[in-house]
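>>> please work out how this folds:
(one chain, ligands or ions: 2)
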Amino acid sequence: MDSPKEPQPSGEFKCQLCGLTAPYTYYGQKPPNTCSIELLEDCYVMKDPFTPDKEKILILGSLCSLCGLSVCIGAECSLFYSKRFCLPCVNENLQAFPLEIQEDMDRRKPQKKSFPGKKMDTRT
Ligand SMILES: [Zn+2]
Ligand SMILES: [Zn+2]
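Ligands and ions are numbered 1, 2, ... in the order given. The predicted structure follows:
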């Protein structure tokens, strides 16, 4: 089989929050070769390297709709609520989000308290 039209990476996506980098092949809402996929937002996508299926893509990240930061879709970095928001923006505007998001953010907060039942090694 020759498939000369392997998509070449068009650039490198970098999450500006966690520093994750990955080459992306497409940025937008309708990745090529994926007739069945329509994304809800403009995303950085790459072809899924783990499957030969051309339709399989991986969404790497997107741009925060408020500050324009490029953020990965990891729960640590961004949130999708009709648009993509980076977590710093979500935190800044938390009151504007519905309660469920606020609660979700609450749960996501880095655990500063020690886990009950989990031994913390506090040697120095
Ligand atoms: Zn990230
Ligand atoms: Zn933002």
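
>>> what residues does the protein put near ligand 2?
Selection of the chain residues close to ligand 2 by Cβ under 5 Å from the ion yields C64, L66, C67, L69, C86, C89. C-beta here means a position set from N, CA and C on the backbone, and glycine is covered the same way.

>>> check contacts around the last one.
The reference is to C89. C64, L66, C67, L69 (Cβ atoms under 8 Å, 6 or more residues apart in numbering).

>>> thinking again about what came up before, which of the residues of the chain next to ligand 2 fall within helices?
Judged by DSSP state H, helices contain the following of the residues of the chain next to ligand 2: C89.

>>> now, of the contacts of C89, which are buried?
Neighbour-count burial (16 or more other Cβ atoms under 10 Å) is assigned, among the contacts of C89, to C64, L69.

>>> let me see the mean pLDDT of the lengthiest strand in the chain.
In the chain, ranked by residue count with DSSP state E as the criterion, the top strand is strand 57-63. For strand 57-63, mean pLDDT rounds to 94.

>>> that one vs ligand 1: in contact?
No - Strand 57-63 is not in contact with ligand 1 by Cβ under 5 Å from the ion; minimum separation 6.7 Å.

>>> how far is that strand from where the chain is centred?
Centroid separation for strand 57-63 versus its chain: 6 Å, with Cα atoms, centre = their mean, to the nearest Å.

>>> just checking, what packs against it?
Where contact means 3 or more Cβ pairs under 8 Å, 6 or more residues apart in numbering; DSSP states H and E, strand 57-63 is packed against strand 43-47, strand 70-72.

>>> can you rerun that using 10 Å?
strand 11-14, strand 21-24, strand 26-28, strand 43-47, strand 70-72, strand 78-81, strand 83-86 (3 or more Cβ pairs under 10 Å, 6 or more residues apart in numbering; DSSP states H and E).

>>> can you give the strand pairings for it, parallel or anti for each?
Counting by DSSP bridges, the strands paired with strand 57-63 are strand 43-47 (antiparallel), strand 70-72 (antiparallel).

>>> worst mean pLDDT among those?
Sorting the strands paired with strand 57-63 by mean pLDDT places strand 43-47 lowest, at a mean of 92.
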